[in-house]
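J.: quick one, structure for this:
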Amino acid sequence: MRNDRLLELEVELKNIVGSSNLLVGEKKTEFYRTGIRVGSGKASMVAIPRTLLQLWKILEICISLDKVIILQAANTGLTGGSTPNGDDYDRDVVIINTVAINQLIILNRGLQVLAFPGTTLYQLEEKLAPLDRSPHSKIGSSCIGASVVGGVCNNSGGNLVNRGPAYTELSLFAQLNVRGKLELVNHLGIELGSSPLEILNNLEEINFNQDNILESKKLASDKEYQNRVRDINANTPARYNADERRLYESSGCSGKIAVFAVRLDTFKLPKKEKVFFIGTNDPQDFSYLREKILLDHPILPDMGEYMHRSYFEGASRYCKDNFLFIKFFGTKSLQRIFLLKRVLDNFFNNISFLPNNITDAHLQFFASILPEHLPRKIRNFRKSFDHYMLFLSSDSSIDNMRQTLNDAKSSSSFEFLECSENEGKDLLLHRYVAGSAPSRYKKLNPSKAGDLLPLDIALPRNCTFWYEVLPDEILSQMAESFQMGHFLCMVFHLDFVVKEGVDLEDIKSSILNILDNQDIKYPAEHNVGHLYSAEESLQLFYRNLDPTNSFNPGIGKTSKKKNYS
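T.: Sure thing, here's the model as predicted:
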């Protein structure tokens, strides 16, 4: 039987959010307890608040009854950091899903924004476009529907090298002090009142002049990032999750505080863009181009995305359905489609006589009988090479990129295409959807595919061996390997599907030892979640934010016990 404290909690939370927004029982909570790629565990209930005040009241009740709190929005994390992990918590676990609290407030006519816990990057991009502004990040299919706050909490993003990873020093959050008392901390730089009731009501009702917000000395984006990327002789990475430079309150908090709102800079939309598609069989060609661009270009290209043939072909084969859906129907309803697919997957996988992953098999079949989705010129060009680069340049950086490529071509073995507008859009979309290739491969090849092993690693900025980080003895234990990266900042995604029968923990331990010996940091942008051990400095940051270990305990393989005992 369920204990009296849980029954009391259930009654209290129903009084706050209503019966329809409180989920109890394994079946009803399964969707929220299971990570998009990895991670799952038990939770007593899932509360879905609709307002900031409801969120505050839920936190008060959970803390008063000594519960573990895990906050999540779209649950798109790739390392299991927004779900429970296992069943060995010493207190009851309550998940708070904030996806319904998705208000977005435009500040100073679009120069900055205030994003609530459930606000998505899609919302932000859509609302800023008419103002000729854009957000700090663009996202790929590995994190469809990702929230703005989630990006800040995970220090994610950074492929747009002129903007840097998600970062702010201006936020509104709740945290527990050393005495176990819940406090609401307003560091937005906006006067909203003194009590939680005043602050939260004034924020949601926009009881302040949103077009006359005073400029703050605190950062609302990583303004130093361009200079860090350009330092190609540094023996440290440009960015990684445990970088102490960018651990500040909500930024990098990994759910150790409850973030109610973040204030972020926006960026001017370019007037024109151009995609350059480069192919080579000598990866040192790309090292040379990177050096020329970072040292000589007065304005950096917006993106420099590397794709090995493994990921380029993998995206062609396994992500065609995503590509076609987005191209013809747009991204606006994509989050709902992916949520529907997850619901259908859970339903069909629980029917014993049906094969697993039946929806993926059908999507793959229908996509395979449709015509080729990439332009003929791109298809023909890519056949000759193993390594590809997509440079997205805008405005005045276009001529610089064109000149550099033409000058370097005579002494290098690469070839390049200057893409038309439609070709460029298709190539960027191809890169956009590529992240789902490993999971689709695993689902369609159950007899030879074991576990997924996703790695996002940050190489030192002076690294010259980026294309051969792992030896053949490791790679030979993989059923399939996929490699791509944000090349200008030396952040790479090595996504593996290990062979059936290979011990995941053993091979992962071997890989991490190799990375440690080469001063490679990990994770780079997907956060430690429950897959990686947090560095000592990151653990200290977590303890300072949450002295009682009530928010997201166990993150970074830390203790799950109260007070970290």
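
J.: which residue ranges of the stretch 451-565 of the chain form strands?
T.: Secondary structure of the stretch 451-565 of the chain by DSSP state E, counting those that start in this stretch: the strands cover 478-486, 491-499.

J.: could you dump the ones you listed into JSON lines and include mean neighbour count?
T.: Just so you know, the C-beta spots here come from the backbone N, C-alpha and C atoms, and that holds for glycine as well. Below are the strands of the stretch 451-565 of the chain laid out as JSON lines (neighbours: other Cβ atoms under 10 Å):
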{"stretch": "strand 478-486", "mean neighbour count": "22"}
{"stretch": "strand 491-499", "mean neighbour count": "23"}
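
J.: among those, which is nearest H308?
T.: Taking Cβ to Cβ, strand 478-486 is the member of the strands of the stretch 451-565 of the chain nearest to H308, at 4.1 Å.

J.: from Y542, how far off is the closest residue to L9 other than its chain neighbours?
T.: Of all residues not flanking L9 in the chain, L65 sits nearest, at 5.3 Å (Cβ to Cβ, 6 or more residues apart in numbering). Here L65 is placed at a distance of 23 Å from Y542 (Cβ to Cβ, to the nearest Å).

J.: picking up where we left off before, CSV for the strands of the stretch 451-565 of the chain, including distance to R317 and mean pLDDT?
T.: Converted to CSV, these look like this (distance: least, Cβ to Cβ, whole Å; pLDDT from 0 to 100):
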stretch, distance to R317, mean pLDDT
strand 478-486, 11, 96
strand 491-499, 13, 95
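
J.: any chance of those in TSV, plus distance to L455?
T.: Shown next, in TSV, are those (distance: least, Cβ to Cβ, whole Å):
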stretch	distance to L455
strand 478-486	10
strand 491-499	4
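
J.: L13: which of these is closest?
T.: Closest to L13 of the strands of the stretch 451-565 of the chain is strand 491-499 (Cβ to Cβ; 38.3 Å).

J.: for F348, helix, strand, or coil?
T.: helix (DSSP: H, G, I helix; E, B strand; the rest coil).

J.: which residues of the stretch 1-150 of the chain fall in helices?
T.: Ranges of helices in the stretch 1-150 of the chain, per DSSP state H, counting those that start in this stretch, are 4-17, 26-33, 52-64, 121-128, 148-153.

J.: need the winner for burial among the ones you listed.
T.: helix 148-153 (a mean of 29; mean count of other Cβ atoms under 10 Å).

J.: surely V502 touches I474?
T.: No: the criterion here is Cβ atoms under 8 Å, and V502 misses it with I474 at 10.4 Å.

J.: intersection of neighbour lists for these two?
T.: Applying Cβ atoms under 8 Å, 6 or more residues apart in numbering, one finds that no residue jointly contacts V502 and I474.

J.: could you list the low-pLDDT ranges of the stretch 301-450 of the chain?
T.: For the stretch 301-450 of the chain, applying pLDDT under 70 flags the ranges 332-335, 338.

J.: oh, I was asking about the chain
T.: Judged by pLDDT under 70, the stretches of the chain that qualify are 1-2, 139-145, 332-335, 338.

J.: 80 - rerun?
T.: For the chain, the stretches with pLDDT under 80 are 1-4, 36-37, 76, 138-145, 157-158, 330-356.

J.: ok, for P135, nearest residue in space, not its chain neighbours?
T.: Nearest residue to P135 in three dimensions, chain neighbours excluded: L124, at 4.6 Å (Cβ to Cβ, 6+ apart).

J.: adding distance to L111, write the helices of the stretch 1-150 of the chain out as TSV.
T.: TSV is the format used below for the helices of the stretch 1-150 of the chain (distance: least, Cβ to Cβ, whole Å):
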stretch	distance to L111
helix 4-17	35
helix 26-33	36
helix 52-64	23
helix 121-128	10
helix 148-153	16
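
J.: among those helices, which is nearest L470?
T.: Checking the helices of the stretch 1-150 of the chain against L470 by Cβ to Cβ gives helix 148-153 as the closest, at 28.2 Å.

J.: got a list of contacts for the closest one?
T.: Contact with helix 148-153 is made by 73-74, 76-77, 82, 98, 115-121, 124, 135-137, 156-157, 166-168, 171, 250-255, 259, 261-262, 264, 527, as judged by Cβ under 8 Å, 6+ apart.

J.: next one: stretch 283-297
T.: 229-230, 232, 278, 280, 300-301, 304, 306, 387, 389, 397, 400-401, 404-405, 408, 412-414, 464, 466-467, 487-488.

J.: list the buried residues of stretch 403-420.
T.: 404-405, 408, 412, 414, 416-417, 419 (16 or more other Cβ atoms under 10 Å).

J.: tell me the spacing between Q175 and A115.
T.: Where A115 is concerned, Q175 sits at a distance of 19 Å (Cβ to Cβ).

J.: kindly report the same for L192.
T.: Distance of L192 to A115, computed by Cβ to Cβ: 16 Å.

J.: contacting residues around stretch 441-449?
T.: Stretch 441-449 has contacts (Cβ under 8 Å, 6+ apart) with 314, 318, 356-357, 360-361, 364, 452, 479-480, 497-500.

J.: list the residues that contact the closest residue to E415 other than its chain neighbours.
T.: Of all residues not flanking E415 in the chain, G279 sits nearest, at 5.6 Å (Cβ to Cβ, 6+ apart). Applying Cβ under 8 Å, 6+ apart, one finds that G279 lies in contact with 381-382, 384-385, 387-389, 414-416.

J.: doesn't G279 lie inside a strand?
T.: Yes: according to three-state DSSP, the state of G279 is that of a strand.

J.: any idea what it is bridged to?
T.: Under DSSP bridges, the beta-bridge partners of G279 are Y388, E415.

J.: in JSON lines: the contacts of G279, plus distance to S447.
T.: Listed next are these as JSON lines, based on distance: Cβ to Cβ, whole Å:
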{"residue": "F381", "distance to S447": "34"}
{"residue": "R382", "distance to S447": "29"}
{"residue": "S384", "distance to S447": "33"}
{"residue": "F385", "distance to S447": "31"}
{"residue": "H387", "distance to S447": "31"}
{"residue": "Y388", "distance to S447": "30"}
{"residue": "M389", "distance to S447": "35"}
{"residue": "F414", "distance to S447": "39"}
{"residue": "E415", "distance to S447": "39"}
{"residue": "F416", "distance to S447": "40"}
